[in-house]
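S.K.: Mind folding the following:
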Amino acid sequence: MSLTAAYSAVQASFWMSYCVAVSFAAVYLQGLGYSNAALGAVLAAGNLFGALLGPALSALIDRYDRFTAARLTPVVLAAQAAPLTLLVLTPPAGAAVDYGFARGMGSLAYVLASVLLGAWVERASVRAVPVAGLALCAL
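M.R.: Numbers count the residues shown, from 1 in each chain. Presented below is the predicted three-dimensional model:
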């Protein structure tokens, strides 16, 4: 396997994992019945922990020869897999939501917003962009 192919595989697996963790965490927690406040607290705690853990692990790698990225990667992946395994084994209780359909509606809305905003900017000016942003905040 070429170095480019190997690095591409690493990039692909990283971004797919990121998608699961970031894009679907709220979906999962809502499916379990978490309130928006609790969901926000869980996601904020996770983001804060990640923001602290990354630099701390990097500092270990830089400071000590025995800590290398190659040695820490399996440990970090095991630490990621352990709670995910528990989540798989814990039976969820929640409302039935067609998440695929809902995400599809989100994608359709993105396309519509892009087309409409593009036409509005062309007709009016770039000042339409913040106006549209404010309108969506109100929505």
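
S.K.: who touches the host helix or strand of Y18?
M.R.: Using DSSP states H and E, Y18 falls within helix 3-18. Contact with helix 3-18 is made by Q80, as judged by CB atoms under 8 Å, 6 or more residues apart in numbering. Backbone N, C-alpha and C define where each C-beta goes, glycine included.

S.K.: average pLDDT for the helix or strand just after it?
M.R.: With elements assigned by DSSP H and E, the helix or strand that comes after helix 3-18 is helix 25-31. In this model, helix 25-31 has a mean pLDDT of 87.

S.K.: Show me what helix 25-31 is in contact with.
M.R.: Against helix 25-31 from outside (CB under 8 Å, 6+ apart): 38-39, 42-43, 46, 87, 92, 94-95, 97, 99.

S.K.: ok, which pair from those is furthest apart?
M.R.: Farthest apart among those by CB to CB are G46 and A95. That separation is 23.0 Å.

S.K.: Those two: which has the busier surroundings?
M.R.: G46 (13 against 8; other CB atoms under 10 Å).

S.K.: Flag every buried residue along the one helix or strand that one maps to.
M.R.: G46 is part of helix 36-63, with elements assigned from DSSP H and E. Buried residues in helix 36-63, counted by 16 or more other CB atoms under 10 Å: 39, 43, 57, 61.

S.K.: any idea which of the residues you listed is closest to A82?
M.R.: L57 (16.8 Å).

S.K.: so how far is A69 from the closest one?
M.R.: Separation of L57 from A69 (CB to CB, to the nearest Å) stands at 9 Å.

S.K.: ditto for D62
M.R.: In terms of CB to CB, D62 sits 10 Å off from A69.
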